[in-house]
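Undergrad: Dropping the sequence and predicted coords here.
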Amino acid sequence: MKKMMVVTLALTLLSASMAFTATSAPKKIDILFNEKELKTQADAEARIIDGRVYIPANILRGARFSVEYKNSTLHLVNSYFLYTRNLMEMHVFNHVFTTRFNKIDQEVVNIMGKVILEEPADFSKLHEFIEEAESNAGINPGNFTPVLDYSSFDFSLAWKSVEAYKKAVHELIAYVDTGDKEKLKSFYQERKQALEYYDLYTNVYDQIFKASFTSAVR
């Protein structure tokens, strides 16, 4: 009789243990990032440990994070941030540069009016505008993330446009000083080159901006 009670108790405990295991088995934790589910692998899922949810770092790749572990440090970089930074850097750069370039062009038009009327021409403001444009004719590579086939080097067209205008001004000053028509001709050629570089820059800028915007929101 006692032996039967022991066996019955053992079976009861085993049954209770199996029931607890079945009911306490961890459920799969779905992870949503901006309302989009991040895919997980069977051996790398989110888990609740001591009341906290732990997420394997590699899951974040689905949220467009680059994940790299080196020198006892886990490096996480969100590509959304990188392309959003592109947009901010480009907007500021373009606003400042185009404003200064347009000042150069407008001042040249003003000076040409005086030259035609054979009035004294002051080049001091023009030199100032060129120096200002030269100081902001590119984007720091460290602040720009390459997108598609574009890099910060593609903004060098802005610098080329300023340098071409600088040469044009040099030829215009030489014409005012000497009256040499060849210098005047050279001025028009260099100014035309400067404006062509500027047009190329604006086209490339638009393409890079669209590419960065697409990469930031997709």
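TA: Structure received.

Undergrad: Please make it C-alpha for all contacts and neighbour counts, starting now.
TA: Fine.

Undergrad: pLDDT-wise, which helix or strand of the protein ranks last?
TA: helix 2-23 (a mean of 36; mean pLDDT, DSSP states H and E).

Undergrad: Doesn't Asp199 lie inside a helix?
TA: Yes: Asp199 sits within a helix when classified using DSSP: H, G, I helix; E, B strand; the rest coil.

Undergrad: burial of it, as a residue count?
TA: Residue neighbour count, defined by other C-alpha atoms under 10 Å, stands at 15 for Asp199.

Undergrad: Over to the one 4 residues further on?
TA: For Asn203, the number of neighbouring residues by other C-alpha under 10 Å comes to 11.

Undergrad: And the helix or strand encompassing it, what does it pack against?
TA: Using DSSP states H and E, Asn203 maps to helix 181-217. Applying 3 or more C-alpha pairs under 8 Å, 6 or more residues apart in numbering; DSSP states H and E, one finds that helix 181-217 contacts helix 79-116, helix 156-178.

Undergrad: Buried residues, it. List them.
TA: The neighbour-count check on helix 181-217 (16 or more other C-alpha atoms under 10 Å) flags 183-184, 186-195, 197-198, 201-202, 204-205, 208-209, 211-213, 215-216 as buried.

Undergrad: who touches Ala46 in this structure?
TA: Ala46 makes contacts with 28-29, 31, 53-56, as judged by C-alpha atoms under 8 Å, 6 or more residues apart in numbering.

Undergrad: Many thanks, I have nothing further to ask.
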